[in-house]
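Asks: Sequence plus predicted model, see below.
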Amino acid sequence: MAMMYRARASVGNVTSSGVAPVRGRWYFALVIGAFLLVAVSALVESSRSPATLHDAAAGFWVLVVLAILADTPVVTIQRPRAMPTVLTSITFCYSISYIWGYGSGRVTQAAAIVVASIFARRGFWPTLFDIGRYGLALATASWVFTLLGRPRPTPSDAADLIGVLVAALAWYVVFRLLTATGTWLCDGGTWARALIRDAPVEALSATALLLLAPMLVLLVYTDVWLIPLILAPLFAVSRMSRYYSEQQERALRDQLTGLPNRLALSEASEEPLRRCTGPGAGSGIAALLVADIAQMGRINDALGHDVGDRALVAIGRRLGSLADSRTLVGRLQGDEFAVLMWDLADLDDVLDHAARVRAVFDGPVPVDSQPLTVHVAMGIAVCPAHGTTFDVLARRAYTAMERAKRLPDPLVVFRFDQEMPSADQLTLLDDLRRALDEPGNHEVVPFWQPQVDMATGQVIGVEALLRWRHPTRGLVSPEHVIRVAEHSPVMRKITMTMIEQVLAQLAAWRSDGLVLRASLNVSVRDLYSTDLVEWLETRLRHYAIAPSQIQLELTESALMSQTVAVLASLRLLRRFGAGAALDDFGTGFSSLQHLRQLPLTEIKIDRTFTARISVDPPSEAIVRAVVNLGRELGLRVVAEGVEDDETRARLLADGCRLAQGWYYAGPMPADDLVRWLTARAARTSRP
């Protein structure tokens, strides 16, 4: 499968891997037709040739032997299974055709191709196609000599440079047209793109090899035993051509796993996507699956990057075993892999194939006899429903994959409500950056939602929630803000802006006699290093805020996938007295081992459990267990999403005292919070 996504100099490399050509019927017709034309024309030319093999017989056999050996490891020192862009043997076969006629040159060329194919372990069809295209190119050169009226060369006129140049040009034009047509039929895409693929180096190689022929002709008639000296420049040309081909192949291959890279996947997708959307589309649908290995950061931190690399190689090998005539596996970057699938019947067929990918990760990955358990988040985008180009499908598969990271289900199919239009995202990101950089920013501000002791009614703290009032769009949902900013440097700007505003507000409230504890959400990426926590400590000193008045919240699903990376930051946070909360607890399936190791002060029960506590006994059992767990670990437990009195009463009965939700108050600006607190205090003080 390694050559599936790219036809090299010999088009048939694709079919030798067992993968059917895109336009198989026409490809095989081209191969058979070219071969038959060569065979017939060779017979006709041989019957008409005035030359005999007795004329300069020693030179003839020297050229034949060198032609047969020229493309084997005996002469070229080529690696196994490698074929050059243009066969070196054409120099000798072109000279033989020039002196002894096309029939002799064609037979020699066919023998050289067969021997080279045996060494390279190529299949029947690629070998037959090479015989056809090289043979027709030689036939064209021979016909050009005939049209030019050139007689058979003699020692005095062997270097007939004009005839050699014109015939060489004709040879290359026919060779390039046949190669491009074979590539187009085999790989798909456009014929024009196939025509220019590898053309520069191929033209340079062919020119150098063909123009050495006059020297060989002269040596045949002067000193035949000097002919082997031509091997030195031939070897240089061969190495140059092969080096270029290897560089081109390397550019399409991931260096660690050996799988096709993003560029190769993009090229390979052209034909399957065209068949989904082009004229006469009806061969099914295509899909792109993007998979992210969640634990790679932890593996690298705990065991070293060399172990992480070997794990990626093992995963790549497993995924590569899924490749077949309708599936191509590649590595995009880092711990991200992609699976391109085509000719699928419907979405159920896509999901069946995705289940095969998912099964790859069911068992542990053995690395150095150590089994490593990995988890994966996968997103799927389907052509034509979600896009008709590789870039669009990749972007939307990424979007679905990011959503899968936040859900229990590791496989998510893209939906259009999961993303904003890309141009709108860029505009929104620029507007967000401008708002954050603007002095006296009044657009990106915290709203405050109180946390209440349900037993006493006392407000014990507030959570600062991000709000952005866009000057023309109005209030932008926090989910959209995070989705736009989370993979950009703007995310750190949001975090630092929110911290600065929260601390300034706590200081202002303190001067008015109001002391509250505030929580705010941060991205797990903000804690990959201790820089943010160290900066927070300096800002606390600047505002003279007690560290116990501030608490950073991280979502469970994000934190559990990056525990090692952020542990140092959390420990530093707790060391100087600030708090750390685990938000959305219960949605990320965190292990108790992780919970025991993390230096937390609070866990927040996700609203998906509290909202169903009065109608779903399992949800209530989970809430009760979390409350008891928090109590045993010495952690505050806050229930999110308390919307009615029945939920409040059940939470209290289950031992949970702290809550936030619309039953008490929704998020509000700072001034509204003060008025709410004042009104609440007035109500509770009435007899």
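Replies: Ah, there it is.
Asks: residues near Gly33, how many?
Replies: Look at Gly33: counted by other Cβ atoms under 10 Å, it has 12 neighbours. No exception for glycine: its C-beta is placed from N, CA and C like everyone else's.
Asks: can you pull out the strands in the stretch 151-300 of the chain?
Replies: Along the stretch 151-300 of the chain, counting by DSSP state E, counting those that start in this stretch, strands occupy 285-293.
Asks: now it, which segments are flagged as low pLDDT?
Replies: 151-161, 187-189, 237-238, 240-249, 278-283 (pLDDT under 70).
Asks: how near is the residue nearest the centre of the chain to Ala338?
Replies: In the chain, the residue lying closest to the centroid (Cα atoms, centre = their mean) is Leu332, at 2.0 Å. With distances taken as Cβ to Cβ, to the nearest Å, Leu332 is found 5 Å from Ala338.
Asks: Can you pull the residues that touch both of the two?
Replies: 262, 265, 290, 394 (Cβ atoms under 8 Å, 6 or more residues apart in numbering).
Asks: dump the residue contacts of Leu635.
Replies: 600-603.
Asks: Now do the same for it: its pLDDT.
Replies: In this model, Leu635 is scored at 91, pLDDT.
Asks: Number the chain from 709, please
Replies: Done: numbering now begins at 709, and the last item shifts to Leu1343.
Asks: For it, give me phi and psi.
Replies: phi -110, psi 140 (degrees, to the nearest 10).
Asks: May I ask you to name the longest helix in this protein?
Replies: For the chain, the longest helix by residue count, based on DSSP state H, is helix 869-895.
Asks: Now do the SS call for Gly840.
Replies: helix (DSSP: H, G, I helix; E, B strand; the rest coil).
Asks: what ranges do the strands span in the stretch 1159-1308 of the chain?
Replies: Counting by DSSP E, counting those that start in this stretch, the stretch 1159-1308 of the chain has these strands, from start to end: 1167-1178, 1182-1184, 1226-1229, 1258-1263, 1287-1293.
Asks: Please name whichever of these is nearest to Ile826.
Replies: Among the strands of the stretch 1159-1308 of the chain, strand 1258-1263 comes nearest to Ile826, with 60.2 Å by Cβ to Cβ.
Asks: Run through who's touching the closest one.
Replies: 1114, 1169, 1171, 1210-1211, 1214, 1225-1230, 1232, 1235, 1244, 1248, 1274, 1281, 1286-1292, 1296, 1309-1310, 1312.
Asks: Using a markdown table, lay out the shared contacts of Leu1040 and Ala1046 together with distance to Ile904 and neighbour count.
Replies: Formatted as a markdown table, those follow (distance: Cβ to Cβ, whole Å; neighbours: other Cβ atoms under 10 Å):
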| residue | distance to Ile904 | neighbour count |
| --- | --- | --- |
| Arg970 | 21 | 18 |
| Leu973 | 21 | 23 |
| Val998 | 30 | 26 |
| Ala1102 | 25 | 22 |
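Asks: Between the contacts of Leu1343, which sits nearest Val1153?
Replies: Glu1310 (23.8 Å).
Asks: Where does Gly741 sit, in terms of helix or strand?
Replies: Assigned by DSSP states H and E, Gly741 falls within helix 732-756.
Asks: Which secondary structure elements does the very next helix or strand once past that helix sit against?
Replies: Next in sequence after helix 732-756, counting helices and strands by DSSP H and E, comes helix 765-777. Judged by 3 or more Cβ pairs under 8 Å, 6 or more residues apart in numbering; DSSP states H and E, helix 765-777 is in contact with helix 798-808, helix 810-828, helix 921-930.
Asks: Do I have it right that Val874 meets Val852?
Replies: Yes - at 5.7 Å, Val874 counts as touching Val852 under the criterion of Cβ atoms under 8 Å.
Asks: on that earlier part again, for Val815, which of the strands of the stretch 1159-1308 of the chain is the nearest?
Replies: Across the strands of the stretch 1159-1308 of the chain, Val815 has its closest neighbour in strand 1258-1263 (72.8 Å, Cβ to Cβ).
Asks: Tell me the strands beside that closest one, with direction?
Replies: Partner strands and pairing direction for strand 1258-1263 (DSSP bridges) are strand 1226-1229 (parallel), strand 1287-1293 (parallel).
Asks: Name the SS class of the residue nearest to the centre of the chain, please.
Replies: strand.
Asks: Let's see the pLDDT reported for it.
Replies: pLDDT, Leu1040: 89.
Asks: what about the nearest residue to Gly813 once chain neighbours are set aside, how many residues close to it?
Replies: Using Cβ to Cβ, 6 or more residues apart in numbering and skipping residues adjacent in sequence, the residue nearest Gly813 is Ser805, 3.0 Å away. Residues near Ser805, counting by other Cβ under 10 Å, number 27.
Asks: Ser805 contacts Val852, doesn't it?
Replies: No - with contacts counted by Cβ under 8 Å, Ser805 stays clear of Val852, the gap being 11.0 Å.
Asks: Now do the same contact list for Leu844.
Replies: 742, 745-746, 749, 882, 886.
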